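> quick one, structure for this:
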Amino acid sequence: MKTVIIIQIVSVIISLIAPIFFYRSFKEGIDKSNIECSQKLKSNGILFGSLSIWVLLVYIFTLNEVFAYSHDELFPKFLFGLLIPVIITLLQFRNKRFRTIINNMSYKSLAEGQLWRVLGAIFFLVATSGIGPREFISSGVGDVTTGLIALLTVWALTKGFKWSKMSMWALIAFGVSDLLIVLFVLLTKYPIWYDAMPSTAIAGSFPMMLIIGIAAPMALLLHIFMLRKLILENKANN
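Next comes the predicted model:
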């Protein structure tokens with residue numbers, strides 16, 4: 001029972017910390033952008049409103065078991081909560097102002113947005129307690145490693161070390177790989193096509209869906225923003 005409570009508390013904390021870092025990165029991009037003050041105020045309002053709605057909807061849907069596994073399920077419903085926010089955000093790249101905002105996010109704030117990943121150590125508890133499959137141990141290792149690399153990257157950027165760029169590439173590589181591994185485990189051990197126990201039936205329920213629907217998409221998007229920024233910078237220097 002204590003293990004379950006710990007997992008629930010840490011999951012809620014992650015679901016609240018991740019949006020704060022995400023908001024800070026976007027706000028920095030807005031504040032540093034060369035756009036009119038009225039447009040900055042409007043963009044900040046849209047940012048705060050969009051994030052609030054995103055987090056609120058995931059909480060409402062999760063607590064009402066909208067994404068929860070059901071025996072007649074033909075497709076993992078938790079994927080909707082994971083992918084829809086990412087797709088909607090990426091579609092905004094068609095907007096010039098959005099691209100300007102992303103371009104003005106600093107590497108430091110993008111790296112800081114991954115610091116919460118050390119709390120992914122709860123996957124160790126999920127795996128060892130039998131709540132989820134043992135494969136979640138690799139997810140815990142990946143998350144903690146990503147969080148530590150993020151901390152190292154923030155420090156390197158703060159100090160202006162030359163190897164900070166290498167650290168950013170490592171952060172993207174480890175961070176994205178970890179997210180893909182988690183997704184692989186979630187899908188391959190999902191009850192639709194996996195009969196053994198423990199499975200990943202918990203994916204769409206409280207508290208795991210808070211991580212899948214809020215923290216994971218935000219982590220992926222920050223990785224994408226950093227990768228884009230690095231690629232554009234390399235092109236500009238060549």
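> would you mind measuring from the closest residue to Phe123 other than its chain neighbours to Thr158?
Nearest non-adjacent residue to Phe123, counting by C-beta to C-beta, 6 or more residues apart in numbering: Gly140, 3.6 Å away. Glycine gets a C-beta too; all of them are placed from N, C-alpha and C. When distance is defined by C-beta to C-beta, to the nearest Å, Gly140 is 27 Å away from Thr158.
> list the buried residues for the strand or helix carrying Leu91?
Per DSSP states H and E, Leu91 falls inside helix 78-91. Across helix 78-91, burial judged by 16 or more other C-beta atoms under 10 Å covers 78-79, 81-82, 85, 89.
> C-terminal to the longest helix seen in the chain, what's the next element?
Identified as the longest helix of the chain according to DSSP state H is helix 2-32. Remark: after helix 2-32, the chain's next helix or strand is helix 37-63, criterion DSSP H and E.
> now that following helix: average pLDDT?
Predicted confidence along helix 37-63 averages 96 (mean pLDDT).
> what is the longest helix of the chain packed up against?
Packing partners of helix 2-32 (3 or more C-beta pairs under 8 Å, 6 or more residues apart in numbering; DSSP states H and E): helix 37-63, helix 96-103, helix 107-112, helix 122-128, helix 208-210, helix 216-237.
> what's in contact with stretch 88-104?
26, 28-30, 32-35, 39, 43, 217, 221, 224-225, 228-229, 232 (C-beta atoms under 8 Å, 6 or more residues apart in numbering).
> could you rerun that using 6 Å?
Stretch 88-104 is contacted from outside by 29-30, 32-33, 221, 225, using C-beta atoms under 6 Å, 6 or more residues apart in numbering.
> repeat that for stretch 67-81.
61, 190-191, 201, 203-205, 209, 212-213.
> which of those fall in helices?
61, 209.
> what secondary structure does Asp72 sit in?
When classified by DSSP: H, G, I helix; E, B strand; the rest coil, Asp72 comes out as coil.
> typo on my end, it should be Trp155
Assignment for Trp155 (three-state DSSP): helix.
> look at it and report its pLDDT.
98.
> any idea how far it is from Trp163?
11 Å.
> could you check which of the two has the larger neighbour count?
Neighbours of Trp155 and Trp163, each counted by other C-beta atoms under 10 Å, are more numerous for Trp155; the result is 14 against 11.
> residues in contact with stretch 53-62?
With C-beta under 6 Å, 6+ apart as the contact definition, stretch 53-62 has outside contacts at 19, 67, 85, 206, 209, 213-214.
> return it as PDB; C-alpha atoms alone will do.
The C-alpha coordinates for stretch 53-62 follow below in PDB (Å, rounded to 0.1, in the frame of the first residue of the first chain):
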ATOM      1  CA  ILE A  53      -6.500  23.200 -20.500                       C
ATOM      2  CA  TRP A  54      -4.100  20.400 -21.500                       C
ATOM      3  CA  VAL A  55      -3.300  19.500 -17.900                       C
ATOM      4  CA  LEU A  56      -6.900  19.900 -16.700                       C
ATOM      5  CA  LEU A  57      -8.300  17.700 -19.500                       C
ATOM      6  CA  VAL A  58      -5.800  14.900 -18.800                       C
ATOM      7  CA  TYR A  59      -6.700  15.000 -15.100                       C
ATOM      8  CA  ILE A  60     -10.400  14.900 -15.800                       C
ATOM      9  CA  PHE A  61     -10.200  12.100 -18.400                       C
ATOM     10  CA  THR A  62      -7.800  10.100 -16.300                       C
END
